[in-house]
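Engineer: Generate coordinates for the sequence data below:
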Amino acid sequence: RVPRTNFITSLQIDRGVQQDGQEFLKLLLSLLESELAGSQDKAVQQLVQGLFKGKFSYATTCEACGRASEASRRLVDFYELELNVDALSLAQALHQYLIEERLEGDNQYQCSFCKTSVDASRKVRLHALPEYLCFQLKRFVFDLQTLERKKATDQFKFPPVVDMRPHVTPDGWDQASSSASDSGRGAQNSERGNEASMGYEYELAAILLHKGASARSGHYVAHVKDEFTGQWWLFDDETVTLLGDDPFGKAGSGGSSANGEVVVISDDGDAKTVKDQRASDP
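Structural biologist: This next block holds a predicted model:
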């Protein structure tokens with residue numbers, strides 16, 4: 001058992017400040033990467049990246065000449081995708097995150113090929129997905145009226161199985177696999193070709209919940225699925241409780257929460273499509 005004080009010190013957590021789940025995840029993965037980097041085993045060095053790192057690009061296309069910006073070919077690493085809670089479901093939030101944005105009027109794009117300001121389109125393109133895909137739900141938002149952070153308590157629905165195939169852009173697979181350090185799904189797909197059945201279906205694996213109405217305080221618990229038995233467990237500090245077949249311990253509840261902040265889905269090539277179900281927050 002690792003003493004909590006040593007763990008907190010290693011993560012450089014400020015115990016006097018309320019930090020959210022995303023901040024903790026970033027600190028934890030950063031610490032693991034740093035510690036594993038000293039291993040003599042290449043696979044161990046790249047363990048965190050191989051499990052959690054994906055790649056996307058910000059693609060900007062000029063509507064006058066039809067060319068993409070030079071920056072559009074630059075792949076960016078990500079360890080989680082930030083989604084808006086007010087989208088109410090994972091499907092809608094992903095659509096909102098990846099939807100094309102128009103750059104026009106006072107917000108026109110300066111095209112390096114046309115040498116002038118032009119109308120353009122911009123969107124996020126996912127190129128490589130990790131084995132464990134983390135979604136950060138933006139529960140804590142800035143209230144312009146009170147000028148303080150507040151917690152958004154919208155119900156957010158997430159399915160037990162999600163097919164990410166429609167959200168992935170094939171462009172850039174070769175770029176994603178050109179780096180020796182890339183061990184994500186992009187490199188795998190470039191080697192295996194366009195196998196439609198390969199690794200785009202994910203199963204719900206874990207949910208981090210923030211208990212409390214305020215953004216300034218609260219308590220975190222985690223609902224985690226045992227990948228071997230399919231049973232769900234509730235981790236609440238030192239207390240661990242078996243929930244059974246359902247993530248919230250309710251028969252047929254599917255996945256829906258007003259407190260979910262981080263949702264983790266894991267690759268399962270054998271996963272079958274399951275119809276979304278909805279339940280109230282426990």
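Engineer: Can you get me the centre-to-centre distance for the host helix or strand of Gln136 and its chain?
Structural biologist: With elements taken from DSSP states H and E, the one containing Gln136 is strand 132-137. Taking Cα atoms, centre = their mean, to the nearest Å, one finds the center of strand 132-137 at 2 Å from the center of the full chain.
Engineer: Also stretch 130-137?
Structural biologist: Centroid separation between stretch 130-137 and its chain, computed with Cα atoms, centre = their mean, is 3 Å.
Engineer: ok, residues contacting that stretch?
Structural biologist: 21-22, 25, 50-54, 79-83, 85, 90, 93, 156, 158, 164, 184-185, 202, 205, 260-267 (Cβ atoms under 8 Å, 6 or more residues apart in numbering). From N, CA and C alone the C-beta is placed, and that goes for glycine too.
Engineer: now, which of those residues lie within strands?
Structural biologist: Using DSSP state E, the subset of the contacts of stretch 130-137 located in strands is 54, 81-83, 156, 202, 205, 260-267.
Engineer: Mind checking what helix or strand follows the strand holding Gln136 in sequence?
Structural biologist: Secondary structure here is assigned by DSSP H and E; on that basis, the next helix or strand after strand 132-137 toward the C-terminus is strand 140-143.
Engineer: and the helix or strand following that following strand, what other elements does it pack with?
Structural biologist: From strand 140-143 onward toward the C-terminus, using DSSP H and E, the following helix or strand is strand 148-151. With contacts defined as 3 or more Cβ pairs under 8 Å, 6 or more residues apart in numbering; DSSP states H and E, the secondary structure elements packing on strand 148-151 are strand 140-143.
Engineer: tell me the mean pLDDT over the strand it packs on?
Structural biologist: For strand 140-143, the per-residue pLDDT values average out at 75.
Engineer: now do stretch 205-220
Structural biologist: For stretch 205-220, mean pLDDT is 82.
Engineer: next one: that stretch to chain centre, how far?
Structural biologist: Put simply, stretch 205-220 sits 17 Å off its chain's centre (Cα atoms, centre = their mean).
Engineer: got it, and stretch 214-233?
Structural biologist: Here stretch 214-233 shows a centroid-to-chain-centroid distance of 16 Å under the convention Cα atoms, centre = their mean.
Engineer: Please enumerate the helices of the stretch 51-200 of the chain.
Structural biologist: Using DSSP state H, counting those that start in this stretch, the helices found in the stretch 51-200 of the chain span residues 90-98, 173-178, 185-192.
Engineer: weakest of these in terms of mean pLDDT?
Structural biologist: Averaging pLDDT over each of the helices of the stretch 51-200 of the chain singles out helix 173-178 as the lowest, with a mean of 35.
Engineer: Just give the closest residue to Gln45, not the sequence neighbours.
Structural biologist: With Cβ to Cβ, 6 or more residues apart in numbering as the criterion, Gln45 has its nearest non-adjacent residue at 5.3 Å, and that residue is Ser39.
Engineer: Make sure Ser10 is indeed in a helix.
Structural biologist: Yes: assigned with DSSP: H, G, I helix; E, B strand; the rest coil, Ser10 falls within a helix.
Engineer: I'd like to know how many residues surround it.
Structural biologist: The criterion is other Cβ atoms under 10 Å. On that basis, Ser10 has 14 neighbouring residues.
Engineer: so how far is Leu75 from it?
Structural biologist: In this structure, Ser10 and Leu75 are separated by 30 Å, where distance is defined by Cβ to Cβ, to the nearest Å.
Engineer: Which positions in stretch 48-60 come out as buried?
Structural biologist: Of the residues in stretch 48-60, those with enough neighbours to count as buried (16 or more other Cβ atoms under 10 Å) are Val48, Gln49, Gly50, Leu51, Phe52, Lys53, Gly54, Lys55, Phe56, Ser57, Ala59, Thr60.
Engineer: just checking, Ser30 is part of a helix?
Structural biologist: Yes: counting by three-state DSSP, Ser30 is part of a helix.
Engineer: Quick check: phi and psi on Asp154?
Structural biologist: Dihedral pair for Asp154: phi -60, psi 140, per degrees, to the nearest 10.
Engineer: Quick check, it in contact with Leu83.
Structural biologist: No: under the criterion of Cβ atoms under 8 Å, Asp154 is not in contact with Leu83, lying 11.7 Å apart.
Engineer: Could you check which of those two has the larger neighbour count?
Structural biologist: Just comparing Asp154 and Leu83: by other Cβ under 10 Å the higher neighbour count belongs to Leu83, 20 against 13.
Engineer: worst-scoring helix or strand of this protein, pLDDT-wise?
Structural biologist: With mean pLDDT, DSSP states H and E as the measure, the helix or strand of the chain carrying the lowest mean pLDDT is helix 173-178 (a mean of 35).
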